[in-house]
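# Predicted coordinates and the sequence they were generated for:
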Amino acid sequence: MFGKMKTDLEKTFVELQEQGLFKKERIIVTPQGAKIKVSTGDEVLNFCANNYLGLSNHPDVVQAAQKTMEK
């Protein structure tokens, strides 16, 4: 059963690549903010929905998280 599904998925994957519809994920190599750098060295605008304000790297948020983990 999985063999056929795997074959079908691999075929679909190849078709998406050939059609230019496959999106590779960018690897973020800097702290998240409005502008970020990705592993290719490019600087891009960050519209990431889960950190669009860049608060995950804010010192107060990091400190609060560390204190919480210590409890």
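Structure's in. What do you need?

# For the protein, name the helix or strand with the lowest mean pLDDT.
Of all helical and strand segments in the chain, the minimum by mean pLDDT, DSSP states H and E falls on strand 35-37, at a mean of 90.

# So in that sheet, which strands flank the helix or strand following it, and in what orientation?
For strand 35-37, the following helix or strand on the C-terminal side (DSSP states H and E) is strand 43-45. According to DSSP bridges, strand 43-45 forms sheet pairs with strand 35-37 (antiparallel).

# Show me which residues of the partner strand are buried.
Buried residues in strand 35-37, counted by 16 or more other C-beta atoms under 10 Å: residue 36. All C-beta atoms are positioned from the backbone trio N, CA, C, and that covers glycine.

# Identify the residues contacting it?
28-30, 43-46 (C-beta atoms under 8 Å, 6 or more residues apart in numbering).

# What mean pLDDT does the longest helix anywhere in the chain get?
Longest helix in the chain, counting residues (DSSP state H): helix 2-18. Average pLDDT, helix 2-18: 93.

# Packing partners of it?
Secondary-structure packing of helix 2-18 (3 or more C-beta pairs under 8 Å, 6 or more residues apart in numbering; DSSP states H and E): no helix or strand packs against it.

# ok so, going back, how far away from the center of its chain is the least confident helix or strand of the chain?
Centroid displacement of strand 35-37 relative to its chain, using C-alpha atoms, centre = their mean, to the nearest Å, is 12 Å.

# Cool, thanks, signing off.
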